[in-house]
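# Let's see this in three dimensions:
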Amino acid sequence: MATQTIDATLFASSHPDIVKRTSVSGLVFSVAMLLVGIFIFASIFKMSDRSSTLSMALMVLATAFVLLGVFRLFWKSKEVVYLPTGSVTKERSVFFDLKYLGRLTDMIENEQLNGETEIRSSGSGNVRMNVMISQDNKFAAVQLYQFVPYAYTPVTSVRYFTGSDAVAVSTFLEKCKTA
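You can find the predicted model right below:
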């Protein structure tokens, strides 16, 4: 099956009901890590022997807390939310064997991900399905890719599912897991 040129990819495309917003719990956790790191740094400077093994270990610990806090603050404090239900979405990739490419392409293009059990996912493969699904299973987005030497190229455009169709996508993904 030949691949087609598709500009939009799932993780880069936008949907009117999907929004990226700041996670309050992630923000609080990141700031807490920063404050703990700063507190440890401050306590090191109050120590009488700053060249001891304990102060050096605390310096490493403080540096780790500050760096992880900054990393989480800028890169992990956002979450993608499905607006109608307020449910957080999760992104993942599921891999399949090349023999399933035709059937998966037809199922996605016809929006009929019906829980067919003959299709099995694997740990890696020449076919990759990128999936974004809300935690309450009311929204799902799916796109299929094929590995063409050195890169995965899109086979289908991004397809969006809501309501019972999104539940069907979730059921399909559960049924195709390898045992």
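# Mark out where each domain of the chain begins and ends.
24-76, 87-175 (automatic domain parsing).
# who wins for proximity to Leu10 among those?
domain 87-175 (4.1 Å; Cβ to Cβ). Backbone N, C-alpha and C define where each C-beta goes, glycine included.
# which stretches of this structure form helices?
Applying DSSP state H to the chain gives helices spanning 24-46, 53-75, 101-109, 164-175.
# residue with max distance from the center of the chain?
Ser48 (46.6 Å; Cα atoms, centre = their mean).
# So which of the helices of the chain is nearest Ser157?
Comparing those against Ser157 with Cβ to Cβ, the closest turns out to be helix 101-109 (8.6 Å).
# And the pLDDT for the nearest residue to Leu27 once chain neighbours are set aside?
In this structure, Leu27 finds its nearest non-sequential neighbour in Ser77, 4.8 Å apart by Cβ to Cβ, 6 or more residues apart in numbering. pLDDT, Ser77: 81.
# need the domains of the chain in JSON lines with distance to His15, can you?
Below are those laid out as JSON lines (distance: least, Cβ to Cβ, whole Å):
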{"stretch": "domain 24-76", "distance to His15": "22"}
{"stretch": "domain 87-175", "distance to His15": "6"}
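# Good, wrapping up.
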